[in-house]
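Asker: Please find the sequence and the predicted model below.
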Amino acid sequence: MRRLKVGLVGLGEVAQITHLPILENLADRYEIAALCDISPSLLQVLGEKHRVTNLYTDYKELAAQADLDAVFVLNSDEYHADSAIHALKNKKHVLIEKPMTLNHADADAMIKARDEAGVQVMVGYMRRFAPAFTEALEEIKTLGPIQYAKVRDIIGPNRKIIDQSSTVYRFTDIPKELMEDRWTRRSAMIKEAIGEVPQDIYNAYGLLAGLNSHDLSAMRELLGMPKRVVSATQWNGGGYITAILEFDGYFAVFETGVDEQCRFDASIEVFGKYKQLSVKYDTPYIRHLPTTLEVKETIGEAYHEYVKRPTLKDPYTVELETFYDVVTKGIAPKTTPEDYKQDLELFKMIADALLANEQ
């Protein structure tokens with residue numbers, strides 16, 4: 001089996017807990033050949049831990065490393081587009097964490113760079129690769145006309161879960177000017193997407209693009225794109241959002257928020273007349289906590305409930321196995337940049353409804 005040489009840009013929590021260990025577990029498919037981070041201390045520690053000698057503090061230099069087959073873009077959202085485009089211009093395949101970009105202009109620039117290079121870009125929506133979610137895609141075909149749906153994601157701080165379950169290296173040697181540049185970029189990118197809006201709606205858009213890109217992307221694959229956002233409201237400075245979405249023949253409720261509880265409450269529930277499905281997710285920061293599919297069904301006089309857990313293999317592993325096939329077999333990924341642009345449209349629809357509710 002051919003091994004792909006990959007470089008990782010961004011060595012934060014998700015890289016340390018998820019991507020680096022899984023790449024090592026999939027050593028028959030992948031070789032970690034380069035690392036990049038703006039923290040020199042973190043770069044040195046992880047280089048030694050994972051036996052990688054090609055270390056960079058500039059993603060442009062990593063992208064130029066000649067022997068790399070692919071680049072994983074795992075850094076802060078504001079640098080996703082630049083990091084990916086430089087990799088693409090160097091003819092590297094790209095796996096990019098969500099949110100792929102914060103606006104359409106950057107998404108279009110990435111698509112252009114991909115097409116010119118003749119390589120692939122796959123967006124890291126691991127929830128859509130969860131085996132239970134894949135089973136739900138088939139199970140929903142037996143549901144009949146959909147009556148109602150609920151999409152929910154209410155979580156506590158990831159840090160509380162991570163600090164109890166993992167060892168994550170964090171250093172404070174990031175240059176101050178780079179931290180300031182991050183927030184300047186973020187402001188400009190979100191304003192490009194939704195214009196000048198009150199700070200709470202600006203914050204809500206950031207929540208939608210961050211945490212909720214997972215929820216809304218999976219919802220789209222399961223249910224399709226909603227026709228419109230009927231209404232939406234936010235509170236706690238944009239930290240909580242509720243919206244009503246219209247589909248053909250039914251409506252869905254979307255709810256999200258971040259509190260201080262040490263738990264992860266995320267699900268998609270779909271109701272038919274005689275049957276309902278619920279895909280339930282747990283925190284991705286503890287690998288192998290199962291995603292489950294709950295089925296409730298009435299047949300004649302009998303009511304049935306059962307839970308399907310297809311495997312303990314975590315969604316990230318399935319995702320990286322899929323990316324390997326995308327690169328080596330030329331398979332088109334389902335989580336393409338074009339697919340992601342529909343999420344940008346949905347973020348904007350919800351943001352517009354939030355703004356209309358405040359006027």
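Answerer: Sure, I can see it.
Asker: Now do the end-to-end distance for stretch 243-256.
Answerer: 9 Å (C-alpha to C-alpha, to the nearest Å).
Asker: Contacts for that stretch next, please.
Answerer: With contact meaning C-beta atoms under 8 Å, 6 or more residues apart in numbering, stretch 243-256 is reached by 145-154, 207, 211-212, 215-216, 219, 223-224, 226-233, 240-242, 350, 353. (C-beta placed from N, C-alpha, C; glycine too.)
Asker: Quick one: mean pLDDT over that stretch.
Answerer: For stretch 243-256, mean pLDDT rounds to 98.
Asker: Quick check: buried residues in that stretch?
Answerer: By 16 or more other C-beta atoms under 10 Å, the buried positions in stretch 243-256 come out as Ala243, Ile244, Leu245, Phe247, Tyr250, Ala252, Phe254, Thr256.
Asker: what about the strands in the stretch 51-200 of the chain?
Answerer: 55-56, 70-73, 93-97, 121-124, 148-155 (DSSP state E, counting those that start in this stretch).
Asker: And these: which comes nearest Gly7?
Answerer: strand 70-73 (5.0 Å; C-beta to C-beta).
Asker: Can I get that closest one in CSV? Just the C-alpha atoms.
Answerer: Output of strand 70-73 as CSV, limited to C-alpha atoms (Å, rounded to 0.1, in the frame of the first residue of the first chain):
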residue,chain,number,x,y,z
ALA,A,70,-1.0,16.3,1.1
VAL,A,71,-1.4,19.1,3.6
PHE,A,72,-3.7,19.0,6.6
VAL,A,73,-4.9,22.6,7.3
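Asker: How about that strand, which residues are buried there?
Answerer: Residues Ala70, Val71, Phe72, Val73 are the ones in strand 70-73 that count as buried (16+ other C-beta under 10 Å).
Asker: which pair in the buried residues of stretch 243-256 spans the largest distance?
Answerer: Tyr250 and Thr256, at 20.2 Å, using C-beta to C-beta across these.
Asker: Mind listing what's buried along stretch 305-316?
Answerer: So for stretch 305-316, counting by 16+ other C-beta under 10 Å, buried means Lys308, Asp314, Pro315, Tyr316.
Asker: In helices, which of the residues you listed fall?
Answerer: Pro315, Tyr316 (DSSP state H).
Asker: Please convert the buried residues of stretch 305-316 to JSON lines, extending it with pLDDT and distance to Asp82.
Answerer: As requested, the buried residues of stretch 305-316 are arranged in JSON lines below (pLDDT from 0 to 100; distance: C-beta to C-beta, whole Å):
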{"residue": "Lys308", "pLDDT": "96", "distance to Asp82": "41"}
{"residue": "Asp314", "pLDDT": "95", "distance to Asp82": "29"}
{"residue": "Pro315", "pLDDT": "97", "distance to Asp82": "27"}
{"residue": "Tyr316", "pLDDT": "97", "distance to Asp82": "24"}
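Asker: Pick the one among the buried residues of stretch 305-316 closest to Thr298.
Answerer: Out of those, the member with the shortest distance to Thr298 (by C-beta to C-beta) is Lys308, at 17.9 Å.
Asker: Now do the contacts for that closest one.
Answerer: Ala132, Glu135, Thr292, Leu293, Glu294, Val295.
Asker: In helices, which of the residues you listed fall?
Answerer: In this view, those that belong to helices under DSSP H are Ala132, Glu135.
Asker: Which one of the strands of the stretch 51-200 of the chain lies nearest to Asp106?
Answerer: strand 93-97 (11.2 Å).
Asker: follow-up on the earlier one: for the buried residues of stretch 305-316, which one is nearest Ala34?
Answerer: Closest to Ala34, out of all of the buried residues of stretch 305-316 and judged by C-beta to C-beta, is Tyr316, at 20.1 Å.
Asker: Look up how far Ile286 lies from the closest one.
Answerer: 12 Å (C-beta to C-beta, to the nearest Å).
Asker: And for Ile155?
Answerer: Taking C-beta to C-beta, one finds Ile155 at 13 Å from Ile286.
Asker: For the stretch 101-250 of the chain, give me the ranges with low pLDDT.
Answerer: Nowhere does the stretch 101-250 of the chain drop to pLDDT under 70.
Asker: how about the helices in it?
Answerer: Along the stretch 101-250 of the chain, counting by DSSP state H, counting those that start in this stretch, helices occupy 104-117, 131-139, 158-165, 176-194, 199-209, 211-223.
Asker: who wins for proximity to Thr53 among these?
Answerer: Once the helices of the stretch 101-250 of the chain are compared by C-beta to C-beta, helix 176-194 is nearest, at 24.0 Å.
Asker: so that closest one versus helix 104-117, what angle?
Answerer: Between helix 176-194 and helix 104-117, the angle formed by their directions is 100 degrees, by axes from the mean of the first three to the mean of the last three C-alpha atoms, to 10 degrees.
Asker: Restrict helix 176-194 to CA atoms and write it as CSV.
Answerer: Extracted in CSV, the C-alpha atoms of helix 176-194 (Å, rounded to 0.1, in the frame of the first residue of the first chain):
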residue,chain,number,x,y,z
LYS,A,176,1.8,39.2,19.9
GLU,A,177,1.6,40.7,16.4
LEU,A,178,0.3,37.4,15.0
MET,A,179,-2.4,37.3,17.7
GLU,A,180,-3.5,40.8,16.7
ASP,A,181,-3.4,39.9,13.1
ARG,A,182,-5.7,37.0,13.7
TRP,A,183,-8.5,39.1,15.2
THR,A,184,-8.0,41.8,12.4
ARG,A,185,-8.4,39.1,9.8
ARG,A,186,-11.4,37.6,11.5
SER,A,187,-13.3,40.9,11.6
ALA,A,188,-12.6,41.6,8.0
MET,A,189,-13.6,38.1,6.8
ILE,A,190,-16.9,38.1,8.7
LYS,A,191,-17.8,41.6,7.5
GLU,A,192,-17.1,40.4,4.0
ALA,A,193,-19.7,37.7,4.6
ILE,A,194,-22.5,39.6,6.4
